[in-house]
Structures are given as structure tokens and as C-alpha cells.
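Student: Everything below, folded, please.
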Amino acid sequence: MFSTVISTLKALFPAPEVQAHCDGPCGVYDPSSARIAAEAVVSMTKKILDLQHPEGGDTQAMASYQNTVSRFIAIKEEQAQITKDELLILWTDYFKPVHLEKYPDLHDTFWKAAKLCSACKVEVSTQHCQELMEAVQKIHNIFWETKSRDVSWYTAS
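Tutor: Sure thing, here's the model as predicted:
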């Protein structure tokens, strides 16, 4: 009986058909969060490379060094993962087939950027950090071109 009433109501008052092209409103997507996280990866990589290994048998200095390097590594890996997550959201949720027509290397660009995030997690490489920043910049520029906006790339000093 109840299902008959529901069916009748649905027939009398059908829900309007809606369409959406994104998982969320277009205004929620922005590559800046990927850039900020990638900059943290660069910063932590430089800090790791700048750390001075303590000489001699000072156990307190060695413990402090190991604590600091462990924290820097954890932050670097976390930020590389955040960069990857932010890029993958843009790749899978924002960019559509129409964008591939204009940017035929879009999939390759994102795939390589994601691979660089992984490389930055497992390595301490300023070269891969620089390549990651360049990839994020390229994605940033493509993103804003799709919105017909020129947003200058920010570079931290």
C-alpha cells in the first residue's frame, strides 16, 4: 500500500532532471594548494640536505639530529602526498575531455607530476623537487587558461 502511494506521488510530481559536469561547484578547484604543498617539499628537502651530522660520540647531539631529520622527512613525505592528492583531484574531477582537445599532453603531464610526488617522497633530490615545481606550475597555468584567466605563478624565495 505504502509503495503504491509513493509510486503515485512520483508519477504526479516527477523530480526535475539535473546535470552537472563536476563533482562540486567549479569554484572549489584551484591548483594553489598543490603549489603550497610542493613548496613545503622543496623546503624540507633543502633543510634535510643542510643538516649537519654531529661529529664524535655526543649521544645527545646525535639524538637531536636524528629527531630533526626524522621530523623533516615526515613533513616532506606528508607534503608530497598532499601535493599528489591535490593534483589527482584536479586531474580526475576538474579536467574534462574538452580540455584534452586543447591540451593533448594533459594526462601525461599529470601522470609525470604524480610520479614526481612519489620520487620526492622516497628520495632527497633537489632535482626532482625542481621538476615537481615545474610540473605544478605547468598544471597551474593550464588550469587558469581553461578559465580564461591569467594568474601569475607565485615563486617563493
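
Student: So which elements touch whatever helix or strand residue 66 lives in?
Tutor: Using DSSP states H and E, residue 66 maps to helix 59-89. With contacts taken as 3 or more C-beta pairs under 8 Å, 6 or more residues apart in numbering; DSSP states H and E, helix 59-89 sits against helix 32-50, helix 106-122, helix 126-146. From N, CA and C alone the C-beta is placed, and that goes for glycine too.

Student: residues in contact with stretch 96-106?
Tutor: For stretch 96-106, contacts defined as C-beta atoms under 8 Å, 6 or more residues apart in numbering pick out 21, 91, 95, 107, 109, 142, 146.

Student: again, only this time at 6 Å
Tutor: Residues from elsewhere that reach stretch 96-106 (C-beta atoms under 6 Å, 6 or more residues apart in numbering): 142, 146.

Student: quick one on the thing from earlier: can you list the helices and strands packed on helix 59-89 in JSON lines and add distance to residue 62 and mean pLDDT?
Tutor: Listed next are those as JSON lines, based on distance: least, C-beta to C-beta, whole Å; pLDDT from 0 to 100:
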{"stretch": "helix 32-50", "distance to residue 62": "16", "mean pLDDT": "97"}
{"stretch": "helix 106-122", "distance to residue 62": "24", "mean pLDDT": "98"}
{"stretch": "helix 126-146", "distance to residue 62": "25", "mean pLDDT": "97"}
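
Student: Relative to residue 67, which of those helices is closest?
Tutor: Nearest to residue 67, of all those, is helix 32-50, at 13.1 Å by C-beta to C-beta.

Student: Check which residues of that closest one are buried.
Tutor: Buried residues in helix 32-50, counted by 16 or more other C-beta atoms under 10 Å: 33-45, 47.
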